[in-house]
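Visitor: model the following, please.
(chains A and B)
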Amino acid sequence: AQSVTQLGSHVSVSEGALVLLRCNYSSSVPPYLFWYVQYPNQGLQLLLKYTSAATLVKGINGFEAEFKKSETSFHLTKPSAHMSDAAEYFCAVLNSGGYQKVTFGTGTKLQVIP
Amino acid sequence: DTEVTQTPKHLVMGMTNKKSLKCEQHMGHRAMYWYKQKAKKPPELMFVYSYEKLSINESVPSRFSPECPNSSLLNLHLHALQPEDSALYLCASRTGTANTGELFFGEGSRLTVL
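Guide: Residues are numbered from 1 along each chain as shown, chains lettered A, B, ... in the order given. Sure thing, here's the model as predicted:
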């Protein structure tokens, strides 16, 4: 089964600094990948998704991610962090075998320091 | 309408009680999911319904009983739960017809088992 690994359970950045959250996937075939955000006591909201149409994917709230097959990575970035970006971020993969199964990484908690 | 609605938002029950969690979507999605999320952990897949039929059961204990009465509704019946079942239960839906479809999540039902 395909899986994703998120490096860093906690990331702290200063307000206005670059945000970089890391996600690596394990798959021998092109995967379908997603980034979700979860604010406290809420459900998950889709930030962006990779579906092989383009390697650089732009999402909501100024986030984007680049699919790099050579590095098996799909890192999430934002040029300038806002206080409102503080949340938990999950990378997820849609398993191509049983195509309905969506599996999540362990998550990265983003702290934004004023 | 891009909402997935879950009720109740909070539920406290004893180990001998019988209760149900409900989920509703009107996006025409044909795949519906139950996830369980413990504090500071990623969502863990429990069940998937596709076209109102149970297609994935991730070896969930029988004290959790899912039901999909129609394409818009998904229930999770709870009976004889244990304190360790306390968690946030998330419902999600996706198109079910396209491999690239993302999950749409509800806000979750926070369950406490005493």
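
Visitor: need the contact list for the spatially closest residue to residue A:62 that is not a sequence neighbour.
Guide: Excluding its sequence neighbours, the residue lying closest to residue A:62 (Cβ to Cβ, 6 or more residues apart in numbering or on different chains) is residue A:78, at 5.2 Å. For the C-beta atoms, the positions are set from N, CA and C on the backbone; glycine is no exception. For residue A:78, the contact set (Cβ atoms under 8 Å, 6 or more residues apart in numbering or on different chains) comprises A:18-19, A:61-64, A:85.

Visitor: ok, residue B:87 next?
Guide: Residues counted as contacts of residue B:87 (Cβ under 8 Å, 6+ apart) are B:36-39, B:110-111.

Visitor: count of neighbours near residue 93?
Guide: You didn't pick a chain, so chain A it is. The tally of other residues near residue A:93 (other Cβ atoms under 10 Å in any protein chain shown) stands at 24.

Visitor: oops, wrong one, chain B.
Guide: If you count neighbours by other Cβ under 10 Å, residue B:93 ends up with 26.

Visitor: ok so, going back, how near is the residue nearest to residue A:62 to residue A:89?
Guide: Going from residue A:78 to residue A:89 by Cβ to Cβ, to the nearest Å gives 10 Å.

Visitor: the contacts of residue A:78, buried ones only, as a ChimeraX selection?
Guide: Buried residues among the contacts of residue A:78 (16 or more other Cβ atoms under 10 Å in any protein chain shown), as a ChimeraX selection:
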select /A:19,63,64,85
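
Visitor: helix or strand for residue 47, which one?
Guide: This is for chain A. Here residue A:47, judged by DSSP states H and E, is contained in strand A:44-50.

Visitor: wrong one, I was asking about chain B
Guide: If you go by DSSP H and E, residue B:47 is part of strand B:44-50.

Visitor: thank you, goodbye.
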